[in-house]
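Asks: Using only what follows, build the 3D model:
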Amino acid sequence: MLELLNVNPSSGEPIYRQLHDQIVRLIVGGQLQPEDVLPSVRQLAEHLAVNPMTVSRAMQQLVDQGWVERRRGQPSCVAARTSANTASGSSLLAPQLRALVEQAQQLGVDYDELQQLLKQSWHQE
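Replies: Alright, predicted model coming up:
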């Protein structure tokens, strides 16, 4: 799982938020299943070369939101799906889509051109 995570310290987004969002995407996208064991805070911090407190903050938010379970003396694991932690990929993309549309409008890119750019990007993957 560690190879699926990376952070960008130069990004305007806090590192704990980047880590939180990436783990949520992995859960919603099915790469992490309920009961999958997560690396320890120390392992994540070492892999990402960040402060363990930063990782701990992200993990605590995941626990508080019901994405991750912590049990005393056992490693953290992905929580079972509940109505509290059920989200779709499209709902997770909504903020980025709003930002993309705003940027396109500011740059004078019309809907059809934006749609064509999305289609081209989609097929490059």
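
Asks: packing partners for the worst-scoring helix or strand of the chain on mean pLDDT?
Replies: Here the helix or strand of the chain ranked lowest by mean pLDDT, DSSP states H and E is helix 89-107, holding a mean of 78. The helices and strands touching helix 89-107, judged by 3 or more CB pairs under 8 Å, 6 or more residues apart in numbering; DSSP states H and E, are helix 15-28, helix 111-124. Just so you know, the C-beta spots here come from the backbone N, C-alpha and C atoms, and that holds for glycine as well.

Asks: what separates that helix from the chain centre, distance-wise?
Replies: When distances are taken as CA atoms, centre = their mean, to the nearest Å, helix 89-107 is centred 16 Å away from the chain's centroid.

Asks: go on, stretch 25-33?
Replies: Using CA atoms, centre = their mean, the offset of stretch 25-33 from its chain centre is 9 Å.

Asks: List the buried residues of it.
Replies: 25-28, 32 (16 or more other CB atoms under 10 Å).

Asks: before we move on, the earlier item: helix 15-28 and the least confident helix or strand of the chain, what's the angle between them?
Replies: 130 degrees (axes from the mean of the first three to the mean of the last three CA atoms, to 10 degrees).

Asks: what does helix 89-107 rub up against?
Replies: 21, 24-25, 28-29, 113-114 (CB atoms under 8 Å, 6 or more residues apart in numbering).

Asks: just those residues now: which is nearest residue 69?
Replies: Each of the contacts of helix 89-107 was scored against residue 69 by CB to CB, and residue 24 proved nearest at 14.5 Å.

Asks: Quickly note the distance from that closest one to residue 62.
Replies: From residue 24 over to residue 62 the distance is 7 Å, taken as CB to CB, to the nearest Å.

Asks: Mind checking which of these two has more residues around it?
Replies: residue 62 (23 against 19; other CB atoms under 10 Å).

Asks: Now do the more buried one, the pLDDT please.
Replies: Residue 62 carries a pLDDT value of 94.

Asks: Enumerate every residue touching it.
Replies: 20, 23-24, 68.

Asks: how about low-confidence regions in this protein?
Replies: 82-92, 125 (pLDDT under 70).

Asks: Quickly find the element holding residue 57.
Replies: Counting by DSSP states H and E, the element that carries residue 57 is helix 52-64.
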